[in-house]
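Colleague: Here's my sequence, what's the structure:
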Amino acid sequence: MKVQINTDKNIEGSARLESYFAAETEKSLGRFQDKITRVEIHFGDENGEKFSLHDKKCVIEVRPVKLQPITVTDHAETLEKAFSGALAKAKKSLTTTFEKIKEH
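Modeller: Predicted coordinates for the structure are as follows:
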């Protein structure tokens, strides 16, 4: 499972940021590792320099093997909270998807 992290022009991407979020993603989605080819994480600040609540956005796109990509989005005050919310949604969606496949 390859983890790719992207940021918009309003978010400063650093090696530390990338390694933290990649490690958390691998830990959280580790049980699906053999069923996923790639996870793309997109961070954005929708208001740029302006202050606003819930303006940090995290979009996670998971690419399961031989299935359509699964995309989830979460908004929060911080990148960490947005990431955590989106990761929980992705995990739930993957669990549901693979359980449905198992039933058939």
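Colleague: got a pLDDT number for the residue nearest the centre of the chain?
Modeller: Nearest to the mean C-alpha position of the chain, by Cα atoms, centre = their mean, lies residue 60 at 3.0 Å. Looking at residue 60, its pLDDT is 98.
Colleague: Specify the local secondary structure of it.
Modeller: State at residue 60, reduced to three classes by DSSP: H, G, I helix; E, B strand; the rest coil: strand.
Colleague: Quick check: it vs residue 53, distance?
Modeller: Separation of residue 60 from residue 53 (Cβ to Cβ, to the nearest Å): 21 Å. Yep, even glycine has a C-beta here, placed from its N, CA and C like the rest.
Colleague: Also residue 103?
Modeller: Plainly put, residue 103 is 41 Å away from residue 53 if you go by Cβ to Cβ.
Colleague: Also residue 28?
Modeller: Residue 28 is 25 Å from residue 53, where distance means Cβ to Cβ.
Colleague: Among those two, which residue is more densely surrounded?
Modeller: Remark: of residue 28 and residue 53, residue 28 carries more neighbours, 15 against 9, as counted by other Cβ atoms under 10 Å.
Colleague: give the contact list for the residue nearest to the centre of the chain.
Modeller: Residue 60 makes contact with 25, 39, 40, 41, 42, 71, 72, 73, 86, 87, 89, 90, according to Cβ atoms under 8 Å, 6 or more residues apart in numbering.
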